[in-house]
Every structure is written in C-alpha cells, then in structure tokens.
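1. Quick one, fold the following:
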Amino acid sequence: MHKNLTRALVTVAVGAAIWLAPVPAGVKPQAWHLFAIFTATILGFILQPLPMGAIALVSLTFTALAGVLKAGEILSGFANGTIWLIVAAFLFARGFIKSGLGRRIAYKFMSLFGGSTLSLGYSLVASDLVISMATPSNTARAGGILFPVARSLSSAFGSEPGDNPRRFGAYIMQTVYQGNVVTSAMFMTAMAGNPLIVELARKTLNINITWLGWAAAAIVPGLVSLAVVPYVLYLIYPPEIKKTPQAKDIARQELAKMGPPTAAEKIVAAAFVLALALWVAAGLARAFPWVPVIDAAVVALLAVSIMLVTRVLEWQDVLAEKGAWDTLVWMGTIVGLAGFLAKLGFIPWFAKTVGAGICGVSWVPALGVLLVVYMYAHYAFASLTAHITAMYAAFTAVAVAAGAPVMLAALAFGFLSNLCMSLTHYAGGPSPIFFNAGFMDQGTWWRLGFVISVVNLVIWIGLGSLWWKILGLW
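-> Predicted structure coming up:
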C-alpha cells in the first residue's frame, strides 16, 4: 500500500511539474497541459500505482475536468477501428485456445520434426509462427499454448527446475520464449501493441501501415531470426540431451488423445484462413483495384462473429476475456491523447526542436543511434506497450526530422518495440511465465537475452535494411 502511494505521488508530481513549468515558445498552452497529462499517464503505466485501465480512466476524467479537452474529444480514441481490431483479435486467440487448434498445431509440428532437441525447438517456434498471424496476445500464445507443451516435455525428459534443468528444460524454455519475441515482431496482429504502433504512426507521421506492408517488411529478417536464434542458443547454452526420438511418440500420443479435428477446430481454422486472405487482399488493393477491401478491424470482427454464431465461442467467453476489455480502456485513452497532441502541434514542435539539435548529422547514423537507444531503454520497462506509449512517437518523429525515410523509421522502431522483449525476465507478458518456471537464474536469463538482442539487431537492422531497400522503403 505504501509503495503504491509513493508511486502515485511520483506520477502526480511529475505531471504537475510539467503543467506548472513555463510553456515553451511555439507551443500552445493547451498542448503543453495535454503533454503534462500524457506524460503522467505514461509514467503511471510504468509505475502502476493502479492498474493501467484505472489510470487511463483517471487521466481521461482529469483531462475533461481541467478543460484541456472536451468529453467527445477525450473519448474519440474509443471510436478508433484499430482498438477494436485488438479486442477482436484477443477473442480470436481465445478461439484458438478453447477449440484446441493451437495445441494440435504444436503437437503436429512436434510429431514431424521432434527427433532432436534442436529440431524440437524449431518445431515449437514454427507452431508459434503459424499461430502468431492472428493472435495478438503474445502472452496468451506463449503462455496459454506453447508453455504447457514445453513444460510437459521437460518433465517427460527428466528435466525439472531443481533436478537437471540443463538436461532439456532450460534450453527449450529459452528457445520458445526468444522465438515468441521474434514472431511478435513479424505481424501487425502478433502483439497487442503493434496496432497501437500503426495508429501512432498514422496520427503523428501521417502514414498508413497495412497488415501486408508490415508482414512484407518483416518476413525476411523474421524468418532469418527464427532460423538463427534457436541455433545460437544451442551453441552458447546447449542442452545435455541432443536426441529426442520419444518426443515424436509423445506428440503422436497427444494427437491420438485429441482424436480427429473437431468441428470447432475446423471453424476456427476456416475463420483464420478467411481473415488472413482478407487482410492480404487489403494490402494488394493499390496494385489491383478490383480486389475487395474490408477494414482490418471489420475482418477480425467477422471472424469472431463466425465463431459466436457457430457457438465455438459463447458470449460468456467474450465477457470473460478481461485482457481485451482492459486493453480497450487504456489503449483507447492513449490513442485519443496522442492524436490530440499531434493535432495541437506538440509532436511536430518536438520533432523540429530535437531535429535541430542533430542538424548536420546524416540520417543513417542518427537513426542507428536512436534505434539502439530505443532498444536498450527497455531495461527500464516492464511492458512493451508502456515502452511504445512512452517513446515510439517521439523517437520516430526525431528520426524523420533527421531525414530518415518515414516508412522506414516507423517500421524499424515498430519491430524493435517487440525485439526488446528478449532482454529481461520482466520485459513483457510472456517473460515472467517462462522465467518463473525456474529453469535458469536471472543472471543467465539476462546474459542470454543480451546476446540474442545483439543477434536480432544485426539481422533486422543489418540484413533487414538490405531487404527494405529492395522493397523501396529507403
């Protein structure tokens, strides 16, 4: 209680200090006061004296009572289609878990490629890749589908946290976790904060990142990372067991218990394929005007509606998906506040002011430095979304002011907003799930996480830059 009070006082004090400080030249008082509220809100998200949703509601209420924005303006974020895309995709993920389709995919890969510890790691990562395309809660994906499989396999191979953890469990846990880091970066719908990135880019940089555009830019560095990361871990943190022929038998036994695909699994699979097809079609519309275009949020809602009508999901499942409704509240708040920061001229002023400070520096090294700082600033965050809300708009604006191509900067910072999750045991939702399994100590986790962060930086910013050049992003 005392700790929460201290955090609340710090949050309020920082907001009040900014509010009472002299308004800089070129900034409207209204924009400055909104910046004070926005900063305090983000700091509240980081320190969490209250849950994020509660902080968001307090922030909205104060914004209206203080006369900074009108009621309709502060609630505008909740009418945003991107927010509802996230809500719908959370429900989509529940369909994967409830129907058992996610587990079936994982066990199918295991039955085919589970002959060694390394190939078993690749099979679980490949399962994550398939599911990630339409599962925005990387916590639900990693914790609800992949973690139970990895944990039960560890026990099957006689590897427990207090008994032979290096035999099998430590490697497979870290591999699945670091694979989830990469898959989260590969699709707009693979992590809850990614649609927020898209919306912040649209509001502050005036660009539109499509589902297909994000996937196309991420596919090459993403696949290379997924191929390299498990092998790097295998070299620097090898399991004692190298061959695992019984893993295929375990997977086949589990598949046999599950029986043939149920009607619910088939419906979820069909909805999944339909959603992917419509998202891809929207990205092809410019090149092929005859291709039908349906808003991404409507596509996700269509998939959820199919599952509701067919009773794969019950309305109680929708009501019970607390993560979706919590995300709706705090993300709607951030989108609304950030949008008006841009409208009132604060973001352009900030970018121009900071950009003037790096005048004369080529955009290439400037962008490189900003990306590295952005990546490792995540040591101070316990949430990917808090990191995004605190730094994404400002860092992309500064990079663009330095001369970096707009789409390149928007996507590069977007990808690193996920890849930074490799660093610590508190970096994101999946982190404590895998760390608390107890297979490795904190020092080892941080050491491996740092190594993988460097590997991902080299692949995504090095090789990725060449791929993005081919795509015409710079």
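
2. hang on, isn't Gly115 packed against Asp249?
-> No. If you go by CB atoms under 8 Å, Gly115 and Asp249 don't touch, sitting 10.8 Å apart. Using the backbone N, CA and C atoms, a C-beta is placed for each residue, glycine as well.

3. Now Phe187, what are its backbone angles?
-> When read as degrees, to the nearest 10, the backbone of Phe187 gives phi -140, psi 150.

4. right, I mislabeled it, should have said Val361
-> phi -90, psi 130.

5. mind listing the helices in the stretch 151-300 of the chain by residue range?
-> 169-186, 194-205, 211-236, 245-258, 263-284, 296-309 (DSSP state H, counting those that start in this stretch).

6. The longest one vs helix 169-186, what angle?
-> Inter-element angle recorded for helix 211-236 and helix 169-186: 160 degrees (by axes from the mean of the first three to the mean of the last three CA atoms, to 10 degrees).

7. How far off centre is helix 211-236?
-> 15 Å (CA atoms, centre = their mean, to the nearest Å).

8. List the buried residues of that helix.
-> 211-218, 220-222, 224-226, 228-230, 232-234 (16 or more other CB atoms under 10 Å).

9. Val125 reaches Thr175, doesn't it?
-> Yes. Counting by CB under 8 Å, Val125 touches Thr175, with 6.7 Å between them.

10. Quickly list what's touching both of those two.
-> Residues touching both Val125 and Thr175 (CB atoms under 8 Å, 6 or more residues apart in numbering): Pro230.

11. what's the following helix or strand after the helix or strand bottoming out on mean pLDDT in the chain?
-> Counting by mean pLDDT, DSSP states H and E, the weakest-scoring helix or strand in the chain turns out to be helix 346-357, with a mean of 72. Counting by DSSP states H and E, the element after helix 346-357 in chain order, helix or strand, is helix 363-376.

12. Which other helices and strands does that following helix contact?
-> helix 393-401, helix 406-419, helix 442-457 (3 or more CB pairs under 8 Å, 6 or more residues apart in numbering; DSSP states H and E).

13. need the contact list for the closest residue to Ser225 other than its chain neighbours.
-> The spatial neighbour of Ser225 that comes closest, neighbours along the chain excluded (CB to CB, 6 or more residues apart in numbering), is Val182 at 4.5 Å. Val182 sits next to 125, 222, 225-226, 229, 418-419, 456 when contact means CB under 8 Å, 6+ apart.

14. And Val364, how close does it get to Thr385?
-> Between Val364 and Thr385 the distance is 29 Å, computed by CB to CB, to the nearest Å.

15. Those two: which is more packed in?
-> Taking other CB atoms under 10 Å, Val364 and Thr385 do not tie; Thr385 has more neighbours (24 against 13).

16. contacting residues for the closest residue to the more buried one other than its chain neighbours?
-> Distances taken as CB to CB, 6+ apart put Gly193 closest to Thr385, at 4.2 Å, once the chain neighbours are dropped. By CB under 8 Å, 6+ apart, the contact list for Gly193 reads 384-385, 388, 417-418.

17. Break this structure into its domains for me.
-> Domain segmentation of the chain under automatic domain parsing yields 1-74, 75-470.

18. Understood, closing this out.
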